[in-house]
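Asker: Please find the sequence and the predicted model below.
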Amino acid sequence: MKELKPAILLFVVFTVICGGIYPAIVTGIASLLFPGQAGGSLVTSAGGQVLGSSLIGQPFTDAKYFWPRPSATAEFSYDPMNSGGSNLGPTNPDFIKTVAARVRTLRDAGSSAPIPVDLVEASGSGLDPHISTAAAEVQVARVAAARGMDEKSLAGLVASHVEGRQLGVLGQDRVNVLLLNLALDGMKK
């Protein structure tokens with residue numbers, strides 16, 4: 001009992017410090033310094049309705065919208081409660097069938113240009129909010145036709161939503177699909 005009492009006391013003290021005090025301090029500082037990010041980077045309408053998060057992919061399947069990177073959780077859809085990759089390797093027959101089906105879907109939707117890999121292969125998390133600029137550009141003709149818009153003005157909208165590399169060197173140029181589609185809905189014909 002002599003050795004057990006200090007062990008239980010340390011367990012309680014560290015639980016309070018590490019499980020309560022420290023997270024409360026970090027959350028408080030984050031809320032003060034970065035309120036948008038600490039709140040989930042939520043995107044809201046002019047009326048205050050939450051439309052989604054700029055950090056989590058959203059499901060868009062209608063031809064009049066830019067489609068996101070596919071999710072391993074569901075085809076061209078997102079389930080934030082079921083995040084994760086498929087763990088299928090590039091020579092796996094199921095993976096090859098899945099990619100071929102995604103390519104067929106894009107071809108059937110009117111894409112004749114070479115299809116960027118991020119439109120047919122899911123990411124590790126399955127919830128990426130971004131696609132490459134090439135993936136957005138390859139969809140311009142389909143979206144313009146579905147909306148009856150000029151391709152040139154739609155390409156300009158895509159170009160205006162390109163986010164550069166993080167810190168100028170990390171990653172690649174990318175487009176946030178949710179923000180692009182919201183801007184697209186806000187455009188006048």
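Answerer: It's in.
Asker: mean confidence score for stretch 149-159?
Answerer: Here stretch 149-159 scores 93 as its mean pLDDT.
Asker: Next, the buried residues of that stretch.
Answerer: Buried residues in stretch 149-159, defined by neighbour count with 16 or more other CB atoms under 10 Å: 149, 154, 157-158. Yep, even glycine has a C-beta here, placed from its N, CA and C like the rest.
Asker: quick one: it to chain centroid distance?
Answerer: 22 Å (CA atoms, centre = their mean, to the nearest Å).
Asker: And stretch 87-98, by the same measure?
Answerer: So, by CA atoms, centre = their mean, the centroid of stretch 87-98 is 22 Å from its chain's centroid.
Asker: what does that stretch contact?
Answerer: Stretch 87-98 has contacts (CB atoms under 8 Å, 6 or more residues apart in numbering) with S86.
Asker: List the contacts of T44.
Answerer: Contacts of T44 by CB under 8 Å, 6+ apart are 50-51.
Asker: can you tell me which two in the buried residues of stretch 149-159 are farthest apart?
Answerer: Farthest apart among those by CB to CB are M149 and V158. That separation is 11.8 Å.
Asker: The residue nearest the centre of the chain and L154: what is the separation?
Answerer: By CA atoms, centre = their mean, the chain has its centre lying nearest to P129, at 1.5 Å. P129 sits 20 Å away from L154, going by CB to CB, to the nearest Å.
Asker: swap in V99?
Answerer: For V99 relative to L154 (CB to CB), the value is 27 Å.
Asker: per-domain residue ranges of the protein.
Answerer: 4-36, 42-186 (automatic domain parsing).
Asker: what's across from S53 in the sheet?
Answerer: L42 (DSSP bridges).
Asker: those strands in this protein, which residues are they?
Answerer: 42-44, 50-53, 130-132, 162-163, 174-176 (DSSP state E).
Asker: Make CSV from those strands and add distance to R107 and mean pLDDT to it.
Answerer: Converted to CSV, the strands of the chain look like this (distance: least, CB to CB, whole Å; pLDDT from 0 to 100):
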stretch, distance to R107, mean pLDDT
strand 42-44, 31, 86
strand 50-53, 28, 86
strand 130-132, 17, 93
strand 162-163, 25, 94
strand 174-176, 21, 95
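Asker: export the ones you listed to a markdown table and tack on distance to G186?
Answerer: Below are the strands of the chain laid out as a markdown table (distance: least, CB to CB, whole Å):
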| stretch | distance to G186 |
| --- | --- |
| strand 42-44 | 12 |
| strand 50-53 | 12 |
| strand 130-132 | 19 |
| strand 162-163 | 18 |
| strand 174-176 | 15 |
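Asker: Which one of those strands lies nearest to A144?
Answerer: strand 174-176 (15.7 Å).
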